[in-house]
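**Student:** need a structure here:
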Amino acid sequence: MTESNSQLSLLIIDDNLGSLEMLSAALSGMGVEILTANDPEVGIELVFEKHPQIVLTDLRMPKFDGLEVLDRVLEFDPSIDVILMTAHYSTESAVEAIRRGACDYLNKPVSIAKVRERIEKLVSQARERQRATRLEGELLAASQFQNMVGRSPQMMELFSRIRRVAPHFRTVLITGQTGTGKDLVAQALYNLCPAAHGRFVVLNCSAVVETLFESELFGHVKGAFTGATQDKVGLIEYASGGVLFLDEIGDMPMSTQAKLLRTLQSQEIQRVGSLSLRKVDLRVIAATHQDLPRAIEEKRFREDLYYRLTMVEVHTPRLAERPEDLALLTRHFVAKFAELYHKPIRGVTHRAQIALARHHWPGNVRELENAIGHAAMMVMGDTIDVDDLPAHVVGTRIPNGEAARPGGSPETLEEHEKQLLVQAMERAGGNQSQAARLLRIGRDALRYKLKKHGLG
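**Tutor:** Residues are numbered from 1 along each chain as shown. Prediction:
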């Protein structure tokens, strides 16, 4: 057993001694210390004393129930993973537990294989977090979750919320500004939900003509309207058994909102022009950057649909709210675009990091990704500097501090590279050593590039 493994502990709280002994035996041999308590008050004292990484607790117990245990544990340390068990499962109680911070919600009698698998995953995640805090080189890998990157408290909470919500949701609303990664959150919820074997169908509501909305969502039968030459399956029916992602749902027409609400309530659809109902098995993820309560006041969004969607809400934070993630995201995008453009880019200079930190990022993570992508395309050497960044991030300078020339940006990477070579040679008066210094590349690399573009 490694040092990190010995530091991990699991607390089981259950007033049923038989269940306590069974779970304790089933979870032994996993390389973690097993703590037990058949009294919730004793269990809470063990949390304070031993600080376990995982708590597995029964829901219904004397003195106080599992939800109160959950509240007290998370009040002490929100990073502790709490799993509730109950013989009285209901969707309402599961959602309530998730809303209050539960990591998972299991039916009794619990499947030993399932609970071991779940605990193994949590133990693995806890060990990974331990390694990440000790080894700086693993920071980026440990801070990625479902194609999202972050180590700030806001992102850790977001990742945790996704894990808790994904196994149980029927409808979810993702809110947040443009560019904060709502589409990545939707994909993560789909990947981790029980319907991940089905289709993930995406509809951008802002891109659909209002008159075609109902046909697009619900389908139509032949002859339903002019141009309906054959039956068409709508996206809801196509997504049955999987997940439908309605991006920018705030742009959905009111009439379509009413039909969508009925579908969510009844799990039935009616194609345009048809009298028959069709059963569907649908999970819906909706996303918006709009202020939906304000849209409700302005009669642009249905209040009943809003409350249906916000049974569970996930909010994506602005980049400005998590500045500690900026360097991590920058490293992530540098690696991504270095591979994409086949360039040996090692990182970002200190002054470029300062420029990035000073920018307020109104476009959030998407703007940062585009800025690093631009810089990775523009850079001639192996390190991104201030002058490689977009003008709107650092001003309108180009290498050596001169003003950018009129005429717009070159359309391709090759054209831009040639333009930079010409400008550098002009500023250096034809001196290749000076031009190489301006471009932050070696003389041999400069000669190669000059020859490649017919300039040498």
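
**Student:** show me where pLDDT drops low in the stretch 1-150 of the chain?
**Tutor:** Along the stretch 1-150 of the chain, segments meeting pLDDT under 70 span 1-7, 76-78, 129, 132-138.

**Student:** Helices of that one, residue ranges please.
**Tutor:** All helices of the stretch 1-150 of the chain, identified by DSSP state H, counting those that start in this stretch, fall at 3-6, 17-26, 40-50, 66-76, 91-99, 112-134, 139-142.

**Student:** Repeat that for the stretch 201-350 of the chain.
**Tutor:** Along the stretch 201-350 of the chain, counting by DSSP H, counting those that start in this stretch, helices occupy 213-218, 235-238, 254-266, 292-297, 303-309, 326-340, 350-358.

**Student:** I'd like to know which of those lies nearest to residue 272.
**Tutor:** Of all these, helix 213-218 sits nearest to residue 272, with 5.3 Å by CB to CB. To be clear about C-beta, it is placed using only N, CA and C from the backbone, and glycine gets the same treatment.

**Student:** What helices and strands are in contact with that closest one?
**Tutor:** If contacts are counted by 3 or more CB pairs under 8 Å, 6 or more residues apart in numbering; DSSP states H and E, helix 213-218 sits against helix 235-238, helix 254-266.

**Student:** Residue 296 versus residue 383, what's the distance?
**Tutor:** 50 Å (CB to CB, to the nearest Å).

**Student:** So which of the helices of the stretch 1-150 of the chain is nearest residue 292?
**Tutor:** That would be helix 91-99 among the helices of the stretch 1-150 of the chain, by CB to CB, at 18.8 Å.

**Student:** which residues sit against the closest one?
**Tutor:** 59, 66, 67, 70, 84, 86, 105, 164, 165, 168, 311, 312 (CB atoms under 8 Å, 6 or more residues apart in numbering).

**Student:** Report how many residues lie close to residue 37.
**Tutor:** As a burial measure, residue 37 scores 21 neighbours (other CB atoms under 10 Å).

**Student:** Please disregard the earlier target; I meant residue 223.
**Tutor:** That count, for residue 223 with other CB under 10 Å as the rule, works out to 11.

**Student:** That one touches residue 272, doesn't it?
**Tutor:** No. Counting by CB atoms under 8 Å, residue 223 stays clear of residue 272, with 10.5 Å between them.

**Student:** And the residue nearest the centre of this protein?
**Tutor:** residue 185 (3.5 Å; CA atoms, centre = their mean).

**Student:** Next, the contact list for residue 105, please.
**Tutor:** Counted by CB under 8 Å, 6+ apart, residue 105 has contacts 83, 84, 86, 89, 93, 94, 97, 98, 168.

**Student:** Residue 301 versus the second one, what's the distance?
**Tutor:** This points to residue 84. Applying CB to CB, the value for residue 84 to residue 301 is 34 Å.

**Student:** cool, and the fourth one?
**Tutor:** If you measure residue 89 against residue 301 using CB to CB, the figure is 33 Å.

**Student:** before we move on, what about the last one?
**Tutor:** Computed with CB to CB, the distance linking residue 168 and residue 301 is 25 Å.

**Student:** For the two, indicate the residue with more neighbours.
**Tutor:** Between residue 168 and residue 301, residue 301 has the larger neighbour count (other CB under 10 Å), namely 23 against 17.

**Student:** returning to what we had before: what two of the contacts of helix 91-99 have the greatest distance between them?
**Tutor:** The two members of those with the most space between them (CB to CB) are 66 and 311, at 21.1 Å.

**Student:** neighbour-wise, which of these two wins?
**Tutor:** Set residue 66 next to residue 311 and count neighbours by other CB under 10 Å: residue 66 wins out with 27 against 16.

**Student:** Wait, that one touches residue 60, no?
**Tutor:** Yes. The criterion here is CB under 8 Å, and residue 66 meets it with residue 60 at 7.2 Å.

**Student:** between these two, what contacts are shared?
**Tutor:** In contact with both residue 66 and residue 60: residue 86, using CB under 8 Å, 6+ apart.

**Student:** Number of residues surrounding the closest residue to residue 341 other than its chain neighbours?
**Tutor:** Nearest non-adjacent residue to residue 341, counting by CB to CB, 6 or more residues apart in numbering: residue 376, 5.7 Å away. Neighbours of residue 376 under the rule other CB under 10 Å: 22.

**Student:** before we move on, what about the one 3 residues further on?
**Tutor:** Burial of residue 379 is recorded as 27 neighbouring residues (other CB under 10 Å).

**Student:** any idea what sits nearest it, other than its immediate chain neighbours?
**Tutor:** Among residues not flanking residue 379 along the chain, residue 388 sits closest, at 4.5 Å (CB to CB, 6+ apart).

**Student:** contacting residues for the one you found?
**Tutor:** 352, 374, 375, 376, 378, 379.

**Student:** thought the second one was touching residue 390?
**Tutor:** Yes. Between residue 374 and residue 390 there is a contact at 4.9 Å, judged by CB under 8 Å.
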